[in-house]
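[1] Need a 3D model of the sequence below.
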Amino acid sequence: GGQLRQRRIGEDGAGHRGVGAPPGGGAPGVVQGRLAGADDDAVEDAADEGTGTVPGTGSHTAPYRGWHGVRVRTIGLLGGMSWESSALYYRLLNEGVRGRLGGLHSARCVLLSVDFAGIEALQAAGDWDAAGELLAADAAAVQAAGADLVLLCTNTMHRVAPALEAVLDVPLLHIADVTARAVTAAGLTRVGLLGTAFTMEQPFLRERLAAGGLDVLVPGPDDRAEVHRVVYDELCRGVVSDVSRARFVEVVGRLVAEGAQGVVLGCTEIELLLGADDVDVPVFATTALHVQAALDAALR
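    The predicted structure is shown next:
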């Protein structure tokens, strides 16, 4: 016991198994995505007409017409928080497109990866306004690069999602909305939430999940501190530890004992450590669910 090992993202399936399986995996409970702020029929009509304008969203770019007549919207990724999970986003997007379209097809996307050190310093200082200003400018740059919808590739920084929405004319696909729909589609109402201390202790994600019809439980203070430490000191640095996995399994067990029917991996790095095979309840992996919803929205 106690042995640490480095594991590259592509070496195994941990982190996108079970309910939050990767796109094309056909796992139960995976959300059917829609563009935030737009009626589903309106989104489809805009694509069918080739106008590229989605009523209610301000989206103005015309979908790219790919092979097989598929209208493909460009997915914008605002990542780097950390790049370990952003690499997972990129891989899952491309695997998802290949799974749906076959052959050499890959994702039509643009990625802006920030320097996480500066963002982490603002998190620690509690300067969310400054972080929101920085990420809003970066989100605008992603849109300017041609994105038709934007993913903020981090749960924690959805704390400043309103700042991004204020500057975007294209939809921001909110990770909590995607996750809530997946949980309810699986027939569950009460889930445990693992994430950074910011995500577990502040209301921005919990309240959004609750608005989706969920009762959300978080670990106790000691467990929250340990989960937070592992995210920043290990997972964001590419370290995946069997010891930490065992501790996370124990944390999930305590949440289940309190009544959790499943667990939301509310930090994109946690999928690199914990998967459905590690616990006895459904696992909702937010990165994989976010990707699935983006593909549903982009491939029409």
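[2] Give me the three-state assignment for Ala147.
    coil (DSSP: H, G, I helix; E, B strand; the rest coil).
[3] And Gly213, by the same measure?
    Classified using three-state DSSP, Gly213 is coil.
[4] For the helix or strand where Ser244 lies, which helices and strands make contact with it?
    According to DSSP states H and E, Ser244 maps onto helix 242-257. Where contact means 3 or more CB pairs under 8 Å, 6 or more residues apart in numbering; DSSP states H and E, helix 242-257 is packed against strand 190-194, helix 221-233, strand 262-265. Any C-beta I mention is one placed from the backbone N, CA and C, and that applies to glycine too.
[5] Out of those, which one sits most buried?
    By mean neighbour count, with neighbours taken as mean count of other CB atoms under 10 Å, strand 262-265 ranks first of the helices and strands packed on helix 242-257 at a mean of 29.
[6] In its sheet, which strands sit next to the helix or strand that that strand is followed by, and in what direction?
    As assigned by DSSP H and E, the chain's next helix or strand after strand 262-265 is strand 283-285. In the sheet, strand 283-285 lines up against strand 262-265 (parallel) (DSSP bridges).
[7] Alpha carbons only: can I get the strand it pairs with in PDB?
    Taking Å, rounded to 0.1, in the frame of the first residue of the first chain, the C-alpha atoms of strand 262-265 are listed here in PDB:
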ATOM      1  CA  GLY A 262     -25.400   7.900  -6.400                       C
ATOM      2  CA  VAL A 263     -22.300  10.200  -6.600                       C
ATOM      3  CA  VAL A 264     -21.600  13.200  -8.800                       C
ATOM      4  CA  LEU A 265     -17.900  13.600  -9.600                       C
END
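[8] neighbours of Val110, just the number please.
    18 (other CB atoms under 10 Å).
[9] how close does it sit to Leu78?
    Val110 sits 10 Å away from Leu78, going by CB to CB, to the nearest Å.
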